[in-house]
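J.: Fold the following.
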Amino acid sequence: MTKTKTTPAQALLAWYDRHRRVLPWRAPKGRRADPYHVWLSEIMLQQTTVQAVASYYRKFLERWPTVEALAAAPLDEVLAAWAGLGYYARARNLHKCANVVAKERGGKFPEVAAELKTLPGIGDYTAGAIAAIAFDQPEAAMDANAERVVARLFAMNEPLPGGKPRLLALGRTLVPQKRAGDFAQAMMDLGSAICTIKRPACQNCPLAEGCVARAKGIAETLPLKTPKAARPLKRGAAFVAIKDGAVLLVKRPEKGLLAGMLEPPLGPWTEKFPARDAALAQAPFAAEWKKLPGLVRHGFTHFELEIEVWRAEVDGRGKPGHDGKGKWVAREKLSDVALPTVMRKIITHALPDDGPLFA
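T.: Residues are numbered from 1 along each chain as shown. Predicted coordinates for the structure are as follows:
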């Protein structure tokens with residue numbers, strides 16, 4: 001009697017049943033995942049590590065346990081809770097999506113990827129992940145880990161990101177009709193623990209027997225990636241005003257980079273730092289501004305930023321705000337407002353001797 005050959009999906013699922021990670025958003029074995037939990041975690045995990053997301057996920061779920069609760073929350077509160085996680089357009093789309101699901105769909109997420117992609121902030125990968133993990137639809141969830149596994153399994157030599165459509169097509173050929181959600185999570189776990197970027201542990205891989213890249217000895221070189229262009233460097237000045245222990249913050253425009261977030265007043269970002277007189281002309285008001293030693297550096301997706309920090313102490317009768325639009329935030333309340341990471345760095349640089357500012 002001929003023995004039936006084990007498929008890659010069967011081999012991977014058998015491995016997953018023994019080695020699956022325990023994650024805050026992952027349903028226990030044998031239980032259906034909550035679509036709200038899956039969606040929330042997948043949005044947070046976009047371009048962010050599991051380690052960074054875990055605490056944010058727990059806090060969000062404790063504060064807003066349902067999609068209806070999240071939809072009812074003011075956007076500023078959602079942005080403040082997201083502060084430090086980065087890529088803030090995700091938070092704005094998270095809030096928009098929650099409103100659509102809560103108010104237009106009766107609190108129910110669509111079950112198929114095509115419908116999920118019509119919601120704010122949900123693209124191909126996220127739609128596939130939600131459909132598979134929350135609804136067991138046979139969809140490929142191609143995150144960076146899964147892409148690496150598939151590229152090596154088939155020895156695909158087309159560089160990314162141009163090769164993503166082909167990689168997705170190859171990934172779809174592996175997805176089983178049953179346990180698609182477990183398969184998607186197994187691919188993520190395999191890429192995280194075994195099929196790593198460097199020094200993959202091929203000897204421990206359940207897919208090693210059929211891996212073309214391993215057979216050719218090229219696993220560590222895949223997937224190929226098109227070289228990234230060098231990111232330009234921008235420079236500018238920030239003005240941290242302090243009054244009775246409070247810091248002056250202003251709100252950024254509702255569109256563009258870090259939209260709707262708070263910041264200390266900033267000058268424009270250009271190729272060079274402003275000279276002293278030019279910098280003082282950018283200050284929110286006249287005061288005894290002192291430039292602090294050192295710089296604040298921060299990397300954005302498309303450019304690098306260097307900031308010189310100016311600080312001024314303002315007495316109790318000082319300026320009420322910045323053009324009437326700013327607000328003074330007490331030091332102990334800084335962790336509660338929507339301050340992105342770069343602005344937290346700037347304030348920390350201006351208040352280095354006052355102890356930890358942000359939890």
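J.: Now do the same for residue 47: its pLDDT.
T.: You'll see residue 47 listed with a pLDDT of 87.
J.: show me the contacts for it.
T.: Contact analysis of residue 47 by C-beta atoms under 8 Å, 6 or more residues apart in numbering lists 86, 87. (Glycine included, C-beta is placed from N, CA and C.)
J.: 7 Å - rerun?
T.: Residue 47 sits next to residue 87 when contact means C-beta atoms under 7 Å, 6 or more residues apart in numbering.
J.: For it, pull up the helix or strand it's in.
T.: Residue 47 is part of no helix or strand when elements are defined by DSSP states H and E.
J.: which residues touch the helix or strand in which residue 149 is found?
T.: Assigned by DSSP H and E, residue 149 falls within helix 144-154. Applying C-beta under 7 Å, 6+ apart, the external contacts of helix 144-154 come out as 167, 170-171, 187-188, 190-192, 195, 197, 207, 210-213, 219, 222-223.
J.: where along the stretch 201-350 of the chain do the strands fall?
T.: For the stretch 201-350 of the chain, the strands defined by DSSP state E, counting those that start in this stretch cover 233-243, 246-251, 262-263, 290-291, 296-299, 304-313, 327-330.
J.: Okay, helices next: where are they in the stretch 201-350 of the chain?
T.: Assigned by DSSP state H, counting those that start in this stretch, the stretch 201-350 of the chain shows helices spanning 212-216, 276-282, 341-350.
J.: nearest to residue 293, of the ones you listed?
T.: The closest of the helices of the stretch 201-350 of the chain to residue 293 is helix 341-350. By C-beta to C-beta, the value is 9.6 Å.
J.: could the helices of the stretch 201-350 of the chain be laid out in TSV, adding mean pLDDT and mean neighbour count?
T.: Shown next, in TSV, are the helices of the stretch 201-350 of the chain (pLDDT from 0 to 100; neighbours: other C-beta atoms under 10 Å):
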stretch	mean pLDDT	mean neighbour count
helix 212-216	97	16
helix 276-282	97	13
helix 341-350	96	21
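J.: closest one to residue 251 among those?
T.: Residue 251 sits nearest to helix 341-350 of all the helices of the stretch 201-350 of the chain, at 11.4 Å, using C-beta to C-beta.
J.: now the strands of the stretch 201-350 of the chain in a markdown table, with mean neighbour count?
T.: Shown next, in a markdown table, are the strands of the stretch 201-350 of the chain (neighbours: other C-beta atoms under 10 Å):
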| stretch | mean neighbour count |
| --- | --- |
| strand 233-243 | 20 |
| strand 246-251 | 21 |
| strand 262-263 | 21 |
| strand 290-291 | 12 |
| strand 296-299 | 15 |
| strand 304-313 | 19 |
| strand 327-330 | 16 |
